[in-house]
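J.: Provide a 3D model corresponding to the input given below.
(chains A and B)
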2 protein chains.
Amino acid sequence: MVMLELKPIGVVESTLNDPLAAPRQPDEGAPEAWLVFELQVIEGLRGIQPGHEVIVITWLDRARRDVLSVHPRGDVSRERLGVFSTRSPHRPNPIGLHRAHVTAISGHRIRVAHLEALNGTPILDIKPVLEDDVAKR
Amino acid sequence: MVMLELKPIGVVESTLNDPLAAPRQPDEGAPEAWLVFELQVIEGLRGIQPGHEVIVITWLDRARRDVLSVHPRGDVSRERLGVFSTRSPHRPNPIGLHRAHVTAISGHRIRVAHLEALNGTPILDIKPVLEDDVAKR
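T.: From the prediction side, this is the model:
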């Protein structure tokens, strides 16, 4: 099987340190956080402004990669679902998607509201939210 | 810099073969496509059904990784933007996000409507669309 290599472009700086205490979704009490970028990718941030909605793509480095099915939200009374039917962090490629609101920018640091990613989580990419992502079909 | 390794879980089977002719967004004429999964991840698909909205995460294998800013949509009359302000495929980690509608499932193959990914594109992950992804804030 081909292996593909990712290079982190930055890291999450957050007060969230405990995976078990972390909110599962941002509307469940996720705090503000800083996205701290590598200096060599700063040019890539040009155009991002406070008020923008972005998708932060992370590498969930504390997740397991050998899990293919889970009880939704860890509730064993619920039937097991394939991880691709859930947002469980545990999956073959532990890529996290986090919709976030930009509140401030300071050099290579971007402040976002309501990020459920843990402190130290590697950042892989940032993309703007498009109308097509949010449209109901 | 730490390197992280991805293992493709499948591949896109599509009539789209030419990167220059491919639609930039799914509402610009993207065709139906098959997502063909590796047999060893089939358990992870349990629960995905026709009618579901999913986010397909791909590796844009024909993209450049050394590009940090672009003219939006290739229009040189528009000011250069950092790639993290755009959905350009060219970026340090060429991860593609594609919202898609599941129309059929056949074993390890999932049919989706309107996928703008090219034939042969590696698939990294599939996630359900959550209310939080689509909510206007």
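J.: For residue A:11, list each beta-bridge partner.
T.: In this entry, residue A:11 is beta-bridged to residue A:36, residue A:122, by DSSP bridges.
J.: Measure how buried it is and give me the count.
T.: 20 (other CB atoms under 10 Å in any protein chain shown). In short, each C-beta sits where N, CA and C put it, glycine included.
J.: quick one: it and residue A:123 touch, right?
T.: Yes - contact criterion CB atoms under 8 Å: residue A:11 and residue A:123 qualify, at 6.2 Å.
J.: dump the residue contacts of residue A:84.
T.: Contacts for residue A:84 (CB atoms under 8 Å, 6 or more residues apart in numbering or on different chains) come out as A:91, B:41, B:44, B:45, B:48, B:54, B:125, B:126, B:127.
J.: Tell me the bridge partners for the closest residue to it other than its chain neighbours.
T.: Counting by CB to CB, 6 or more residues apart in numbering or on different chains, residue B:126 is the residue found nearest to residue A:84 once chain neighbours are left out, at 4.1 Å. With beta bridges defined as DSSP bridges, residue B:126 has these partners: residue B:56.
J.: Residue A:100 - that's part of a strand, no?
T.: Yes - under DSSP: H, G, I helix; E, B strand; the rest coil, residue A:100 falls within a strand.
J.: Check the gap between it and residue A:32 for me.
T.: Distance of residue A:100 to residue A:32, given as CB to CB, to the nearest Å: 9 Å.
J.: shared neighbours of these two, anything?
T.: Common neighbours of residue A:100 and residue A:32 are listed as A:112, A:113, A:114, A:115 (criterion: CB under 8 Å, 6+ apart).
J.: are any of the residues you listed buried, and which?
T.: For these, a burial check counting by 16 or more other CB atoms under 10 Å in any protein chain shown picks out A:112, A:114, A:115.
J.: which one is residue A:64 nearest to, not counting chain neighbours?
T.: Using CB to CB, 6+ apart and skipping the chain neighbours, the partner closest in space to residue A:64 is residue A:90 (4.5 Å).
J.: In chain A, mark out all the helices, start to finish.
T.: Ranges of helices within chain A are A:131-134, based on DSSP state H.
J.: among the helices and strands of it, which has the poorest mean pLDDT?
T.: helix A:131-134 (a mean of 67; mean pLDDT, DSSP states H and E).
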